[in-house]
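**Student:** test case, fold it:
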Amino acid sequence: MTNTITRILSLAALVTSVGAIGCGDKGTGDEEVGNDSVETGITADGTGTTNAEAGTGTADGSDDPTTAATAGDTTAGDTTASDTGVDTVADDGPQTKFDIGGVPDTGFMNCGGDGDFEFSYLWAANSSQGTISKIDTATVTEVGRYIVRPDSNGSPSRTSVSLSGNVAVANRNGGITKIYANPDNCQESNGMPGIQTSNSSAFLPWGQEECVAWHTPMAYGSQRPAAWGKGEFNQGTCGYDNEEVWTSGNNQNGIIDILVLDGEDGTVTETLAVPTGGGSLSDDFYGIYGGAVDGDNNFWGTQLGGAQMIKVTRSDMSYDIIATPGAGSWYGMTVDVDGMVWLCSSTVARYDPMTQSWAQAQVGGYTGCMADAA
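**Tutor:** Here you go, the predicted structure:
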């Protein structure tokens, strides 16, 4: 039964899939939609959940909150629930995004339910508009759109969905935002009766939308990763406690910050300042380009322009710098069910943390990658 659920979550890589089997939430995924340049990258955690991105799609958006969703506003294009993503970017060079969640080997099994999904959403960042779209994968309909920074100028990019089903999105220009997937969890905050939230491609003004759980401003020239850790499964509530989300930012000042945020309120609980140069991380524009969290809640980060990888151990926030094969420039990365770290470009390289060894294969092109939990 567990293997069946793990397989379903792996194949539904881009969606927030929440079902009755846990009387709560399950599933992870992320996706970006834009109209200028393709971003490809796939991530998976060390517990069996895979998040994938690749493909094409478009989104133009509407500034009128009364405008209903139309097929031309956000289209699936070549998007599939297993492997898709396109994104408008403000900077040069290829882009990729990564996230991670985690599904424990036990937990859902003892909470009842028949395994049917209650909802399944694909989340797509509309970078040029400064919004993120919520798409019902059963009907292929946009059922919500949200501004993710007060000035709408963050260039949102990487998205990550927690096991509770909520999404976090990092802005390239700084700042990270959490949005509730289930409107029942949205909180009164604007002084108007009831809950005001988008239910189509039309988005509400910042401060009026009440399904934005929190926004944490950050002043970075480049902020790429967003990656949820798995949290702690609560058998009594059939939910997850103490969820955390990781991100990283760079200002090209010789230091790359790696941060851990409280998933409940967005406060920064840990900040690790990693110096660049001298065999450490490269001091390029992007900083950490791809990030994923493994089954032990440790963070792995790669760079687009560097041949180094970093592992941050969550228990003490210590870190190790690991040399990668070849010249680097890793475009995609993922962590699989066995804790293996995969890096992808024209070469695929797999790192075994137990033996501290690499295996490689030539694939050609400029690739992302996804690890199959099976």
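
**Student:** check contacts around Asn250.
**Tutor:** Asn250 is in contact with Tyr220, Gly221, Ser222, Gln223, Ile256, Asp257, Phe285, Tyr286, Gly287, Ile288, counting by Cβ atoms under 8 Å, 6 or more residues apart in numbering. Where you see a C-beta, it was placed from the backbone N, CA and C, and this is true even at glycine.

**Student:** what's the most distant pair in these?
**Tutor:** Distance extremes for those: the farthest pair is Asp257 and Phe285 at 14.7 Å, using Cβ to Cβ.

**Student:** quick one, which of the two is more surrounded?
**Tutor:** When Asp257 and Phe285 are compared for neighbours, Asp257 comes out ahead with 20 against 15, by other Cβ atoms under 10 Å.

**Student:** which residues sit in contact with the nearest residue to the more buried one once chain neighbours are set aside?
**Tutor:** Among residues not flanking Asp257 along the chain, Gly249 sits closest, at 5.1 Å (Cβ to Cβ, 6 or more residues apart in numbering). By Cβ under 8 Å, 6+ apart, Gly249 lies in contact with Gly174, Met218, Tyr220, Gly221, Ser222, Gln223, Ile256, Asp257, Leu259, Gly287.

**Student:** please redo it, this time with the cut-off set to 6 Å
**Tutor:** Neighbouring residues of Gly249 by Cβ atoms under 6 Å, 6 or more residues apart in numbering: Met218, Tyr220, Gln223, Asp257.

**Student:** strands - which of these land there?
**Tutor:** Gln223, Asp257 (DSSP state E).

**Student:** among the contacts of Gly249, who's most crowded?
**Tutor:** Result: Gln223 is most packed of those (other Cβ under 10 Å), 29 neighbours.

**Student:** returning to that earlier point: in a markdown table: the contacts of Asn250, plus distance to Thr355.
**Tutor:** Output for the contacts of Asn250, formatted as a markdown table (distance: Cβ to Cβ, whole Å):
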| residue | distance to Thr355 |
| --- | --- |
| Tyr220 | 35 |
| Gly221 | 37 |
| Ser222 | 33 |
| Gln223 | 33 |
| Ile256 | 27 |
| Asp257 | 31 |
| Phe285 | 33 |
| Tyr286 | 29 |
| Gly287 | 29 |
| Ile288 | 25 |
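
**Student:** which one of these is nearest Thr159?
**Tutor:** Of the contacts of Asn250, the one sitting nearest to Thr159 (Cβ to Cβ) turns out to be Gln223, at 13.0 Å.

**Student:** do you know how far the nearest residue to the closest one once chain neighbours are set aside is from Ala138?
**Tutor:** Leaving aside its sequence neighbours, Gln223 sits nearest to Gly249 (Cβ to Cβ, 6+ apart; 4.2 Å). In this view, Gly249 and Ala138 are 36 Å apart by Cβ to Cβ, to the nearest Å.
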